[in-house]
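# Here's my sequence, what's the structure:
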Amino acid sequence: MNTESRLLVFGLDRRDSAADVLLVLGRCGEPRLDLCDVPGADDQVFAVVHLHPDPTLARRLAQRVNDCRLHGRRLQAWVPAMPWN
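Below you'll find the predicted structure:
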């Protein structure tokens, strides 16, 4: 059984920090966050936000992120439906 939910955030660039992403997320505890390179895009990254096993929170945060802009760029987020190993 999957013990955590994950939220993927796209639309970030290399200058964005984990603190920028956490600011967009707002109050959601203290999730672990990884910034990963987008393959084939030198200046783009995406965030993997590791949340406690609360898919409702993950979906609510995805909606919040989808309604946000960071440094003028539109962000996109989604919650993977399949287990992540």
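
# Please enumerate the helices of this protein.
Per DSSP state H, the chain carries helices over the ranges 18-25, 55-66.

# Averaged pLDDT, the last one. What do you get?
Looking at helix 55-66 alone, the average pLDDT works out to 92.

# The shortest one too?
Summarised as a single mean, pLDDT over helix 18-25 is 94.

# quick one: buried residues of it?
Val21, Leu22, Val24, Leu25 (16 or more other CB atoms under 10 Å). (Glycine included, C-beta is placed from N, CA and C.)

# nearest to Phe46, of these?
Val21 (9.8 Å; CB to CB).

# nearest spatial neighbour of that closest one, skipping sequence neighbours?
Closest residue to Val21 apart from its sequence neighbours, by CB to CB, 6 or more residues apart in numbering: Ala47 at 4.8 Å.

# per-residue confidence at that neighbour?
97.

# give me the beta-bridge partners of Leu33?
Val49 (DSSP bridges).

# ok, it to Leu51 distance?
Separation of Leu33 from Leu51 (CB to CB, to the nearest Å): 10 Å.
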